[in-house]
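In: Let's see this in three dimensions:
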Amino acid sequence: MRYDEFGTDQTRIIRDLERRIEVLEAQARTRPGAPVTQASGPLFLPNSSTPATSSGGCAIYAVSGGFRVIDSSGTVRQITAGAAVSNPTLVMGDAPGSYTTGYANTQSAAINEHHDKFVALLTSLRNAGVISTV
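Out: Predicted coordinates for the structure are as follows:
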């Protein structure tokens with residue numbers, strides 16, 4: 001909308017601007033918000049300082065390229081990838097007609113390997129801050 005520079009009624013201009021603002025506010029209230037669960041590409045988080053603690057929810061941010069989260073209690077967690085844990089070898093097979101010491105030792109070694117891999121997985125998840133166990 002163009003206004004004359006000379007001889008215009010300021011009250012009319014202000015009323016017109018107020019009316020236009022009311023229309024825009026009404027449109028803003030009725031338009032759906034942008035979805036936050038979908039992206040058309042990668043999300044880039046520039047490095048920043050630790051944000052203020054919010055009254056609820058959490059804030060996601062980056063420091064020196066590291067992904068961090070601060071919750072409403074002020075606890076900051078750095079989200080990192082855990083150490084790689086290789087898959088255990090599966091040695092189970094059909095049970096023999098009679099159990100020998102060799103068969104029992106093979107089964108015991110397989111169970112121990114699974115235990116060791118499970119402990120390594122738990123340690124990796126704990127060290128990455130993904131889980132907290134007692």
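
In: how close does residue 24 get to residue 17?
Out: In this view, residue 24 and residue 17 are 11 Å apart by C-beta to C-beta, to the nearest Å. C-beta here means a position set from N, CA and C on the backbone, and glycine is covered the same way.

In: doesn't residue 62 make contact with residue 46?
Out: Yes. The criterion here is C-beta atoms under 8 Å, and residue 46 meets it with residue 62 at 6.7 Å.

In: which one of those two has more residues nearby?
Out: Ranked by neighbour count (other C-beta atoms under 10 Å), residue 46 and residue 62 place residue 62 first, with 13 against 7.

In: The helix ranked longest in the chain: which residues count as buried?
Out: Secondary structure of the chain per DSSP state H: the longest helix is helix 101-127. Using 16 or more other C-beta atoms under 10 Å as the test for burial, helix 101-127 gives 120, 124, 125.

In: can you give me the offset of that helix from its chain's centre?
Out: In this view, helix 101-127 has its centroid 31 Å away from the chain centroid, taken as C-alpha atoms, centre = their mean, to the nearest Å.

In: Flag the shaky bits of the protein, pLDDT-wise.
Out: Scanning the chain for pLDDT under 70 picks out the ranges 1-8, 33-39, 88, 90-93, 133-134.

In: ok, back up a step: could the buried residues of helix 101-127 go into a markdown table alongside distance to residue 56?
Out: Putting the buried residues of helix 101-127 into a markdown table (distance: C-beta to C-beta, whole Å) gives the following:
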| residue | distance to residue 56 |
| --- | --- |
| 120 | 37 |
| 124 | 31 |
| 125 | 27 |
